[in-house]
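In: can't give you the sequence, but here's the structure:
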C-alpha cells in the first residue's frame, strides 16, 4: 500500500511539474532559455556584422595598403569563402564533438582573428586573418540554429528563429553606419577591434548559459561517428571553386571568362566525386538519403532561390537609385539602409506568426509576399520612383523574414539531435550559395535588361529598364519557389500513407 501511495504521489508531482512547465511555456520563455537565446543572438550578430562592417571599409583599406580595389575586395571574399566552404563541415563536427565546446572555440577563434585583423601590417596578412575570422563565423552560424532545439521549447521555435533572423539583419544594417563612424574617428583598424569586447562577452554568455554537451551516444550513433575528412575536403574544394567561379571577374571586366568556366567545371567534377565518396563512407559528412525527403530538398532549394532574389536588391538597388533617380551617395546609403531596418523590425513578429499559424502555411505566405514585393519593384519603382521602390522593399523584406523564420523552423523542428549541426549548416550553405549566385546572375540579368554597353555610363531610362527586367526575373524565381514547395508537400502527402503502412 505504501508503495502504491508513493507511486501515486510521484505521479501527482510529475503532473504538477508538467503543468507548471506548460504554463511557463505559454507565458513565455524561462529565464535560463532567455539567457541562452541572448547568447545565440549575440553570436549571430557578430558573424553578420563581420561581413557588413568590412564592406564599408574597403576604400579606406585600399588607400591604407596602397592596393587596387580588386585586391582589397579579397578582404570580404576571404571571409565569405571561409564561411561558405566550411559551414556544413563545422556543423557536423559540432554534432560529433559537442556543440557547446565547438561554439566556444569558434567564438574564441573569431575574437582572436579580429584582433589580428586590426593589427595586420600588410594586406595579405589581413586577408589571411579574415579567412580565419570567417572560420569562426562559420562555427557561429552553423551552431546557433542547432542550439535552438536544445534551449527553447518547441512551441517557441518560430519566435527563436525570428529573433536570430532579426539579429542577423541588425548586424547587416549596423555595419555600414558603425563602420563609417569608427573609421572617421579611430581609423580602419577599429572596425575589426570592435569585435574583441563583443566576442569576450559572447564567450562568457555561451559558457555561462548554454547547456553542457552530452556524452556520445544516442540512437543515431552520431556521438560515436568519425569525422569524414575526405568528404570535408571534397566539399570545401567544390564550394570554393563554385564561389570563385561566380565572383571572379576577367581582366576586361566582362562576364564569364575561361577561368570562370574552368572553375565551374572543377565544381561540377568536385560535386561528382563528393557524391561518390559520401555514398561509400561509413560515416558520411552529409547523408545522401536525406535528399530523398522532398520537403527537405525543396526547403534548401527555396532558401537558395529567395537569397538570390534578395541579392538583387543589393546589386541592382544602388545603380537604380544613383543612376536612374539621381540620388547622391548619402541618400543612396539612407534608402538602402531602410530594407535591413524593416527586416530587423519584422523578424520577431514573423517568428511569432510562425508559432501561432504554423511553419508550413507561413512558408507559402512569405513566398507570396516576396513575389508581390518583386513585382512591385518591377512595376511601381519605374512609375513612381523612390516611393515605388520603398513600397516594393516594404513588402519584399518582411516576406523574406517570414519565409526564413518559417522555413528554418520547418526544417529544424524534427531533426534528430545528432544531426542538428549539419542540417543547420546546410541551411546556411544554401543561403550563402543563393547570395553568391545572385551577385553574378542577377547582375548579368540587370546588364542584359538595360541593354547598355556599361552600367556606370548607362542612361537613366536604360537603368530603369534593367531594374524592371531584373525584378521581373526575381518574381519568376519566387513563383518557382512557391511551386517547388507546394509540389514537394503534395508529393510528401501522397507518399505518407505508403510509408505509414505496416
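Out: Now that the structure is in, tell me what you want to look at. The shown structure was predicted, so the numbers you read here are calculated from the model rather than taken from an experiment.
In: test my guess that residue 471 contacts residue 371.
Out: No: using C-beta atoms under 8 Å, residue 471 makes no contact with residue 371, being 10.4 Å away. (C-beta placed from N, C-alpha, C; glycine too.)
In: what about the residue nearest to the spatial centre of the chain, which helix or strand?
Out: Nearest residue to the geometric centre of the chain (C-alpha atoms, centre = their mean): residue 428, 4.5 Å. Secondary structure assigned from DSSP states H and E places residue 428 in helix 420-450.
In: for that helix, which positions count as buried?
Out: Residues of helix 420-450 classed as buried: 420-443, 445-447, 449-450 (neighbour count, 16 or more other C-beta atoms under 10 Å).
In: picking that back up, contact partners for the residue nearest to the centre of the chain?
Out: 83, 87, 91, 138, 141-142, 145 (C-beta atoms under 8 Å, 6 or more residues apart in numbering).
In: between those, which is nearest residue 41?
Out: In terms of C-beta to C-beta, no member of these lies closer to residue 41 than residue 145, at 11.6 Å.
In: what's the closest non-adjacent residue to that closest one?
Out: Closest residue to residue 145 apart from its sequence neighbours, by C-beta to C-beta, 6 or more residues apart in numbering: residue 424 at 4.1 Å.
In: and for residue 348?
Out: Leaving aside its sequence neighbours, residue 348 sits nearest to residue 162 (C-beta to C-beta, 6+ apart; 5.1 Å).
In: isn't that neighbour right up against residue 400?
Out: No: using C-beta under 8 Å, residue 162 is not in contact with residue 400, being 12.0 Å away.
In: what number of residues lie near residue 276?
Out: Using other C-beta atoms under 10 Å, residue 276 has 11 neighbouring residues.
In: how about residue 190?
Out: Residue 190 has 18 neighbours, counted by other C-beta under 10 Å.
In: any chance of the contacts of residue 428 in a markdown table, plus distance to residue 228?
Out: Listed next are the contacts of residue 428 as a markdown table, based on distance: C-beta to C-beta, whole Å:
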| residue | distance to residue 228 |
| --- | --- |
| 83 | 19 |
| 87 | 15 |
| 91 | 12 |
| 138 | 17 |
| 141 | 20 |
| 142 | 15 |
| 145 | 21 |
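In: which one (most neighbours) among these?
Out: residue 142 (35 neighbours).
In: turn the contacts of residue 428 into a markdown table, including pLDDT, distance to residue 360 and secondary structure.
Out: What follows is those, written out as a markdown table (pLDDT from 0 to 100; distance: C-beta to C-beta, whole Å; DSSP: H, G, I helix; E, B strand; the rest coil):
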| residue | pLDDT | distance to residue 360 | secondary structure |
| --- | --- | --- | --- |
| 83 | 91 | 29 | helix |
| 87 | 92 | 26 | helix |
| 91 | 91 | 24 | helix |
| 138 | 94 | 29 | helix |
| 141 | 90 | 25 | helix |
| 142 | 89 | 25 | helix |
| 145 | 86 | 18 | helix |
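In: on that earlier part again, the residue nearest to residue 348: what's it in contact with?
Out: Contact analysis of residue 162 by C-beta under 8 Å, 6+ apart lists 347-352, 354, 401, 405.
In: max-length helix in this structure?
Out: In the chain, with assignment by DSSP state H, the single longest helix is helix 460-500.
In: what is that helix packed up against?
Out: For helix 460-500, the packing partners by 3 or more C-beta pairs under 8 Å, 6 or more residues apart in numbering; DSSP states H and E come out as helix 294-319, helix 359-384, helix 420-450.
In: of all those helices, which lies closest to residue 326?
Out: Closest to residue 326 of the helices and strands packed on helix 460-500 is helix 294-319 (C-beta to C-beta; 12.0 Å).
In: related to what we said a few turns ago, so how far is the helix or strand the residue nearest to residue 348 falls within from its chain's centroid?
Out: Using DSSP H and E, residue 162 sits in helix 157-186. Centroid separation for helix 157-186 versus its chain: 13 Å, with C-alpha atoms, centre = their mean, to the nearest Å.
In: that helix vs helix 359-384, what angle?
Out: Interaxial angle, helix 157-186 versus helix 359-384 (axes from the mean of the first three to the mean of the last three C-alpha atoms, to 10 degrees): 40 degrees.
In: rounded mean pLDDT for helix 157-186, please.
Out: What helix 157-186 shows for mean pLDDT is 85.
In: got it, and stretch 242-257?
Out: Per-residue pLDDT over stretch 242-257 has a mean of 70.
In: okay, and which of the contacts of residue 162 map to helices?
Out: Using DSSP H, the subset of those located in helices is 347-352, 354, 401, 405.
In: on that earlier part again, could you export the helices and strands packed on helix 460-500 as CSV, including mean pLDDT and distance to residue 53?
Out: Putting the helices and strands packed on helix 460-500 into CSV (pLDDT from 0 to 100; distance: least, C-beta to C-beta, whole Å) gives the following:
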stretch, mean pLDDT, distance to residue 53
helix 294-319, 89, 15
helix 359-384, 93, 27
helix 420-450, 87, 17
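In: pretty sure residue 227 is touching residue 95, no?
Out: No: the criterion here is C-beta under 8 Å, and residue 227 misses it with residue 95 at 9.7 Å.
In: higher neighbour count, the two?
Out: Set residue 227 next to residue 95 and count neighbours by other C-beta under 10 Å: residue 95 wins out with 28 against 14.
In: where does that one sit: helix, strand or coil?
Out: Put simply, residue 95 is helix when judged by DSSP: H, G, I helix; E, B strand; the rest coil.
In: what sits against the residue lying closest to it once chain neighbours are set aside?
Out: Once flanking residues are discounted, residue 95 sits nearest to residue 421: 4.1 Å by C-beta to C-beta, 6+ apart. Residue 421 sits next to 90-95, 99, 142-143, 146 when contact means C-beta under 8 Å, 6+ apart.
In: save those as TSV, and put in distance to residue 485 too.
Out: Putting the contacts of residue 421 into TSV (distance: C-beta to C-beta, whole Å) gives the following:
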residue	distance to residue 485
90	28
91	23
92	26
93	30
94	28
95	27
99	29
142	24
143	26
146	23
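In: among those residues, which one has the most neighbours?
Out: In terms of neighbours by other C-beta under 10 Å, the contacts of residue 421 top out with residue 142 at 35 neighbours.
In: surely it touches residue 423?
Out: No: applying C-beta under 8 Å as the test, residue 142 and residue 423 come out as separate, 9.5 Å apart.
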